[in-house]
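A.B. asks: The sequence and its predicted three-dimensional model are supplied below.
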Amino acid sequence: MSILCCVPVLECVYCLGCSHWLWKKCMYSAGHESESWGLATPDEFEPIPRLCRFILAVYEEDLHNPMWAPPGGYGLDPHHVILKKDYDQTQGRVTPYMIYLDHDSEAVVLAIRGLNLAKESDYAVLLDNKLGQTKFDGGYVHNGLLKAAVWVFEEEVEVLNRLLEENPSYSLTFVGHSLGAGVVSLLVLFVVQNRGRLGNIERKRIRCFAIAPPRCMSLHLAVTYADVINSVVLQDDFLPRTTTALEDVFKSIICLPCLLCLTCVKDTFTFEEKKLKDTRRLYAPGRLYHIVVRKPLRLGRYPPVVRTAVPVDGRFDQLVLSCNATADHAIIWIQRESQRALDLMLEEDQVMQIPVEQKIVRQKSVVEEHDEEYRAAIMKAASLNIPMSPSPSYGTFHDTEGGESSTGGSVNEGSPSIWSFKGMKRKWNRFVDRHFPMDDDDDSGDMLLKKEESPALFV
């Protein structure tokens, strides 16, 4: 009898706990994720609205007679479009893309559009992955996206090489949205590993802008390549936060809110340490730019604020229960809000009337801050001492039976990893020797801080 009396009490406690969790989750806003991040500057954010227009231009059949141009146009000269390929030419290996010679910003731009809901080949690329299936450069990557990236590289390497030889001072810029963002992110990894096929182009001349990217690479790859890859996420966008199998997402597209809610429950009760220790878990790549346009319990949109960081934990790990989770994924909204954000940044600069000399100093300080933040993120990721052996699965993608790679970019399991204890110690010793050389003239053996700028910690 006494046991039966306790049942209603347990039910009440359980209901109160669930109500408390649901209240916290409903109060959770995507703006909380980036509260501690720094604010982006106009100089570093300036390319993003322009590159979003380039992605929109890929949707046009005839750029000389555009039908869907946003206000202000696409911001490009159709005569400088080197090539533009549609689904017939890509054979379903990747979404349509174009190569544009941007003389205004002195860049060779390869832009890849996002997923087409009416094309089965796009789903085949996005769903071609299992947890821990493909290794690359000591980490794990999305198998289908890597295949698409390698195909694009092999198809266009001669064109890119020729354009870089004709324009030796130009940078090589990759930009993509949604599915295309995942492709260009892994394409940059492949390009960095094969710079010899592009005339040994310097790493600092390679840039990538992933707009609303899917999770496509493991943690240490996402951090290590943060000096090259920049990911842009608009407020509540669901795709960079989706840790469930993408196959289940598109199977449940009719009841997507239900699936996202269940994913929220699972992710909330998964320990952060367990997530970080899983080397196969995939993340949004590179440096993150978060555009925040809404506040909790308030209607309408507010002046957008752009925050940026290279976080190790908190890389959009929580889904947001929001009616804007899918709308914030649209490239047209990202282009509009990023343009609004840039206009506000430039307006504030004009109001403050910052002298040119101070702007130059600020640009240099921003570069130094980003470099320090990048190195600190690498050291923090290395300090986690993440094991290379697989851990129990809980999310991102389905398990693979053999866990073998299907591409040539995989690494040998027997090779030493920089993320092992010995590898981390060796990198730390190199870091100390490079930045704190011993004073040979002093018998005390004190270390001196080397103030001159040094190369990146991991090359």
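C.D. replies: Arrived safely. Residues are numbered from 1 along each chain as shown.
A.B. asks: so how many other residues sit close to His64?
C.D. replies: Using other Cβ atoms under 10 Å, His64 is surrounded by 8 other residues. C-beta coordinates here come from the backbone N, C-alpha and C atoms, glycine included.
A.B. asks: what does the model give it for pLDDT?
C.D. replies: With respect to pLDDT, His64 scores 93.
A.B. asks: for it, phi and psi?
C.D. replies: The phi and psi values for His64, taken as degrees, to the nearest 10, are phi -70, psi -20.
A.B. asks: can you tell me how far Pro240 sits from Ile334?
C.D. replies: Distance from Pro240 to Ile334, counting by Cβ to Cβ, to the nearest Å: 12 Å.
A.B. asks: Mutual contacts of those two, please.
C.D. replies: Residues touching both Pro240 and Ile334 by Cβ atoms under 8 Å, 6 or more residues apart in numbering: Ala212.
A.B. asks: Helix or strand for the closest residue to Gln335 other than its chain neighbours, just tell me which one.
C.D. replies: Closest residue to Gln335 apart from its sequence neighbours, by Cβ to Cβ, 6 or more residues apart in numbering: Cys52 at 3.8 Å. Following DSSP states H and E, one finds Cys52 within helix 47-58.
A.B. asks: same for that helix, what does it pack against?
C.D. replies: In terms of contacts (3 or more Cβ pairs under 8 Å, 6 or more residues apart in numbering; DSSP states H and E), helix 47-58 is packed against strand 97-102, strand 107-112, strand 171-177, strand 206-211, helix 331-352.
A.B. asks: how about the strands in this protein?
C.D. replies: For the chain, strands defined by DSSP state E occupy the ranges 38-39, 81-85, 97-102, 107-112, 134-136, 139-141, 171-177, 206-211, 217-218, 229-234, 282-283, 287-292, 305-309.
A.B. asks: now for these, which one comes closest to Met67?
C.D. replies: strand 81-85 (15.2 Å; Cβ to Cβ).
A.B. asks: Can I get stretch 199-216 in PDB, CA atoms only?
C.D. replies: The C-alpha coordinates for stretch 199-216 follow below in PDB (Å, rounded to 0.1, in the frame of the first residue of the first chain):
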ATOM      1  CA  GLY A 199      51.500  25.900 -58.300                       C
ATOM      2  CA  ASN A 200      52.400  25.500 -54.600                       C
ATOM      3  CA  ILE A 201      49.900  28.300 -53.600                       C
ATOM      4  CA  GLU A 202      50.500  29.600 -50.100                       C
ATOM      5  CA  ARG A 203      48.100  28.500 -47.500                       C
ATOM      6  CA  LYS A 204      47.300  32.200 -46.600                       C
ATOM      7  CA  ARG A 205      46.000  32.700 -50.100                       C
ATOM      8  CA  ILE A 206      43.300  30.000 -49.800                       C
ATOM      9  CA  ARG A 207      40.000  31.000 -48.200                       C
ATOM     10  CA  CYS A 208      36.700  29.200 -47.700                       C
ATOM     11  CA  PHE A 209      33.300  30.600 -46.700                       C
ATOM     12  CA  ALA A 210      30.800  27.900 -45.700                       C
ATOM     13  CA  ILE A 211      27.300  29.400 -45.500                       C
ATOM     14  CA  ALA A 212      24.900  27.400 -43.300                       C
ATOM     15  CA  PRO A 213      27.200  24.300 -43.500                       C
ATOM     16  CA  PRO A 214      26.300  20.700 -42.400                       C
ATOM     17  CA  ARG A 215      28.500  18.900 -39.900                       C
ATOM     18  CA  CYS A 216      31.200  17.500 -42.100                       C
END
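A.B. asks: Next, format the helices and strands packed on helix 47-58 as a markdown table and append mean pLDDT.
C.D. replies: Shown next, in a markdown table, are those (pLDDT from 0 to 100):
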| stretch | mean pLDDT |
| --- | --- |
| strand 97-102 | 98 |
| strand 107-112 | 98 |
| strand 171-177 | 98 |
| strand 206-211 | 98 |
| helix 331-352 | 90 |
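A.B. asks: In a markdown table: these, plus distance to Gly139 and mean neighbour count.
C.D. replies: Formatted as a markdown table, the helices and strands packed on helix 47-58 follow (distance: least, Cβ to Cβ, whole Å; neighbours: other Cβ atoms under 10 Å):
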| stretch | distance to Gly139 | mean neighbour count |
| --- | --- | --- |
| strand 97-102 | 25 | 22 |
| strand 107-112 | 22 | 26 |
| strand 171-177 | 19 | 26 |
| strand 206-211 | 16 | 26 |
| helix 331-352 | 27 | 17 |
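A.B. asks: Which one, of those, ends up nearest to Asp317?
C.D. replies: strand 206-211 (17.4 Å).
A.B. asks: which other residues reach the closest one?
C.D. replies: 47-48, 51-52, 55, 107, 171-178, 181-182, 184-185, 187-188, 191-192, 195, 228-232, 284-286, 331, 334.
A.B. asks: Please apply the same query to stretch 287-303.
C.D. replies: Stretch 287-303 is contacted by residues 27, 29-31, 33-34, 37, 40, 45, 48, 226-227, 229-236, 304-311, 315-316, 324, 334, 337-338, 340-341, 344, 370, 374 when judged by Cβ under 8 Å, 6+ apart.
A.B. asks: What separation is there between Glu154 and Arg197?
C.D. replies: Distance from Glu154 to Arg197, counting by Cβ to Cβ: 10 Å.
A.B. asks: More neighbours: which of the two?
C.D. replies: Arg197 (16 against 11).
A.B. asks: picking up where we left off before, if any of the contacts of stretch 287-303 are buried, put those into a PyMOL selection.
C.D. replies: In PyMOL syntax, the buried subset of these is picked out as below (16 or more other Cβ atoms under 10 Å):
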select buried, resi 29+30+31+33+34+37+40+45+48+226+227+229+230+231+232+233+234+235+236+304+305+306+307+308+309+310+311+315+316+324+334+337+338+340+341+370+374
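A.B. asks: now stretch 133-150: mean pLDDT?
C.D. replies: 92.
A.B. asks: Oops, could you answer that again for stretch 305-323 instead?
C.D. replies: Across stretch 305-323, pLDDT averages out at 84.
A.B. asks: measure that stretch end to end?
C.D. replies: Its start and end residues considered, stretch 305-323 measures 20 Å (Cα to Cα, to the nearest Å).
A.B. asks: Equivalent analysis for stretch 55-64, please.
C.D. replies: In stretch 55-64, first residue to last residue: 16 Å (Cα to Cα).
A.B. asks: Pretty sure Ile55 sits against His177.
C.D. replies: Yes - using Cβ atoms under 8 Å, Ile55 makes contact with His177 at a distance of 4.9 Å.
A.B. asks: shared neighbours, these two?
C.D. replies: Taking Cβ under 8 Å, 6+ apart as the criterion, Ile55 and His177 both touch Ile112, Arg113, Gly114, Ile211, Ile331.
A.B. asks: still on that earlier bit, among the strands of the chain, which is nearest Glu348?
C.D. replies: Per Cβ to Cβ, nearest to Glu348 of the strands of the chain: strand 38-39, 10.4 Å.
A.B. asks: So what are the sheet partners of that closest one and their directions?
C.D. replies: Here strand 38-39 has these sheet partners by DSSP bridges: strand 305-309 (antiparallel).
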